[in-house]
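Asks: fold the following, please.
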Amino acid sequence: MHHEYYYYNKEQLLSSPKIPMEVMEDKPAVFQVIAREMADFIKAQNEKGEKTVFICPVGPIGQYPYFVDIVNSENINLNNCWFINMDEYLDDNKQWIDINHPLSFRGFMNRTVYSKIRPELNVPEDHRVFPDPNNVEYIPNLIEKLGGVDICFGGIGINGHLAFNEADGSLTCEEFKQLKTRVLPISPETRAANAIGDFGGRLEDMPTWCVTIGFNEIYNARKIRLGIFRDWHRAVARRCGYGEMTAEFPVSMVAEHPDALIRMTEFVANLED
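Replies: As a prediction, the model looks like this:
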């Protein structure tokens, strides 16, 4: 099978993608723009006396050091913010992996974000939310109580997954859009890609289970902002822009979202090194 769009150059890629795309010079440029968008949105909400509700990833992660610096240097108060993290790895008993495990997203957020922000500015501890395998209803109920998610930030997996909403060709797009927070096995493709990208290739030590917010929670955010920058994101970008809409490549459904944007590096946009 040959998909012509995988061979599109930058000009062809940006000509008429189904999901809006923005190209930036390099990874730091992408991360800085994400951090700035996070900070500016919170500032604007604070000025209106309104709360901020974000869905946050651990991947991409490069935005967080910039975000922390902006918050601390510009005295941005995060006391009225809710940071709902997308997902977490589980052990073989389908419980959170230990917070000290090198792959723990809870550990990452504590080390890289919350421990670096000045205490008086920080996100309250009970506003730092992770999907819980023992209470999967909590996040959908919380989002409803908070009046919805303002912005969902994220990356895109090799099979088009957002958070750990793995591709499932047995579902229609409408069925997939109804999926909420749940525990599920991680696909072989995702385990391999994450082992290579995040774990030094230690495939046999990669967790096989995860808990993830659902595609429903992501899709119903008022804005969706995705960042891509890895080698294999060249193919992901092209399939996002020109592939068919299918639950076999979940991010393709974002084409119907009213305010979505994919930010990528020049490297991803171009096929020439």
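
Asks: distance of the residue nearest the centre of the chain relative to L162?
Replies: The centre of the chain sits closest to G154, judged by CA atoms, centre = their mean, with a distance of 1.9 Å. Remark: distance between G154 and L162 (CB to CB, to the nearest Å) = 6 Å. Just so you know, the C-beta spots here come from the backbone N, C-alpha and C atoms, and that holds for glycine as well.

Asks: joint contacts of these two?
Replies: 86, 218, 226 (CB atoms under 8 Å, 6 or more residues apart in numbering).

Asks: which residues touch the nearest residue to the first one once chain neighbours are set aside?
Replies: In space, M86 comes closest to A163 once its chain neighbours are excluded; the distance is 3.9 Å by CB to CB, 6 or more residues apart in numbering. Taking CB under 8 Å, 6+ apart as the criterion, A163 is in contact with 57, 86-87, 154, 212-215, 218.

Asks: so of the residues you listed, which ones are in helices?
Replies: Among the contacts of A163, the ones falling in helices (DSSP state H) are 215, 218.

Asks: can I get the contacts of A163 in JSON lines with pLDDT and distance to E174?
Replies: Formatted as JSON lines, those follow (pLDDT from 0 to 100; distance: CB to CB, whole Å):
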{"residue": "P57", "pLDDT": "98", "distance to E174": "25"}
{"residue": "M86", "pLDDT": "98", "distance to E174": "22"}
{"residue": "D87", "pLDDT": "98", "distance to E174": "23"}
{"residue": "G154", "pLDDT": "98", "distance to E174": "21"}
{"residue": "T212", "pLDDT": "98", "distance to E174": "19"}
{"residue": "I213", "pLDDT": "98", "distance to E174": "19"}
{"residue": "G214", "pLDDT": "98", "distance to E174": "14"}
{"residue": "F215", "pLDDT": "98", "distance to E174": "11"}
{"residue": "I218", "pLDDT": "98", "distance to E174": "15"}
